[in-house]
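Q: have a look at this prediction, sequence included:
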Amino acid sequence: MFWLLVWECAALAAGHRALGTAWTVWRQTGDLSGLLTCLWEGQVFLLPAPPRVAQELLALAGTGAFWQTAATSLCRVFAGAAAGVGVGTALAALTAAFRWARLLFAPAIKVVRAAPVASFIILLLLWTPRDWVPAIIAALMALPVVWANVVQGVEGTDDGLLELSRAYGFSRWRRLRLVYVPSVLPYFTAACRTSLGLAWKAGVAAEVLCLPRTAIGAQMNNAKIYLETPALFAWTLTVLLLSFVLEGTLGWLLGRVEQRRRGSACAGDS
């Protein structure tokens with residue numbers, strides 16, 4: 001509520017001239033319509049007020065095209081992020097197990113992590129269909145984070161547990177399941193949470209630049225071109241809300257996985 005109030009005050013300050021005129025009219029005639037309009041609208045061109053943005057968002061949400069656009073962007077970015085998580089995990093396992101793999105893949109992953117996102121977006125526009133660009137960008141954002149965290153988790157595995165597993169003659173699969181996975185899982189969980197947020201933001205940014213046929217980023221770009229500032233704010237709010245939904249869903253899924261792992265561990269101990 002505090003930040004909504006700050007937003008409302010900033011919108012009123014941006015439209016201070018109209019607010020001053022409405023105040024004068026109210027003082028002279030007692031007509032409150034001008035003041036109420038200022039409170040509701042703010043400065044529509046520069047900074048619309050929260051009620052105006054909420055009105056625009058509700059109007060958009062009443063159309064089927066809005067939900068189709070949101071679902072398409074969500075699926076596109078989530079698929080890319082999932083691919084990045086999968087590839088990053090596989091590369092982390094390779095680089096942790098084999099020195100040649102670390103020498104081969106580590107420099108490339110560091111380049112992906114350090115290079116500007118805009119450069120990748122422009123290059124991908126030259127090489128791939130524009131509808132694929134956001135998903136690939138999401139994968140590139142997730143891959144380095146997952147790779148670094150999983151490698152750190154593997155390298156941080158307790159040497160005592162590894163020696164104990166060898167002493168008891170554990171197979172590679174059993175050592176992986178009972179020693180490495182519990183050690184890596186907290187790092188993997190943290191990587192998924194971080195990478196999903198990065199992938200979502202970068203994916204939407206890629207949509208703004210490459211303009212797929214159905215995408216939130218394309219709608220944001222259209223709102224900018226036609227100077228529809230309330231619509232731009234409404235789509236931005238949609239991005240934020242979907243980000244919260246994604247993070248909440250992922251947190252719930254990872255929590256369920258952790259509970260099942262603990263339950264399996266307790267069953268094994270008993």
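A: Received the coordinates, thanks. The structure presented is a predicted model; accordingly, all values stated were derived computationally and were not measured.
Q: and stretch 242-251, average pLDDT?
A: For stretch 242-251, mean pLDDT is 86.
Q: for it, which outside residues touch it?
A: Ala70, Ser73, Leu74, Phe78, Cys192, Arg193, Leu196, Gly197, Trp200, Lys201 (CB atoms under 8 Å, 6 or more residues apart in numbering). The way it works is simple: take the backbone N, C-alpha and C, and place the C-beta from them, glycine included.
Q: 7 Å instead?
A: Contacts to stretch 242-251, defined as CB atoms under 7 Å, 6 or more residues apart in numbering, come from residues Ala70, Leu74, Cys192, Arg193, Leu196, Gly197, Trp200.
Q: the second one - how many residues pack around it?
A: Pointing back at Leu74 there. By other CB atoms under 10 Å, the residues close to Leu74 number 17.
Q: tell me the spacing between the nearest residue to it once chain neighbours are set aside and Val77.
A: Closest residue in space to Leu74, ignoring its immediate chain neighbours: Leu242 at 5.9 Å, by CB to CB, 6 or more residues apart in numbering. Per CB to CB, to the nearest Å, Leu242 is found 9 Å from Val77.
Q: got it, and Cys38?
A: 38 Å.
Q: go on, Leu196?
A: From Leu196 to Val77 the distance is 9 Å (CB to CB).
Q: more crowded one of these two?
A: Neighbours per residue (other CB under 10 Å) separate Leu196 from Val77, with Val77 holding more: 30 against 26.
Q: pLDDT on the helix or strand containing the more buried one, on average?
A: Val77 is part of helix 64-97 when elements are defined by DSSP states H and E. Mean per-residue pLDDT for helix 64-97: 91.
Q: ok, stretch 169-188 next?
A: Rounded mean pLDDT across stretch 169-188 is 79.
Q: what's in contact with it?
A: Asn149, Val150, Gln152, Gly153, Val154, Gly156, Thr157, Asp158, Leu161, Leu162, Ser165, Arg261.
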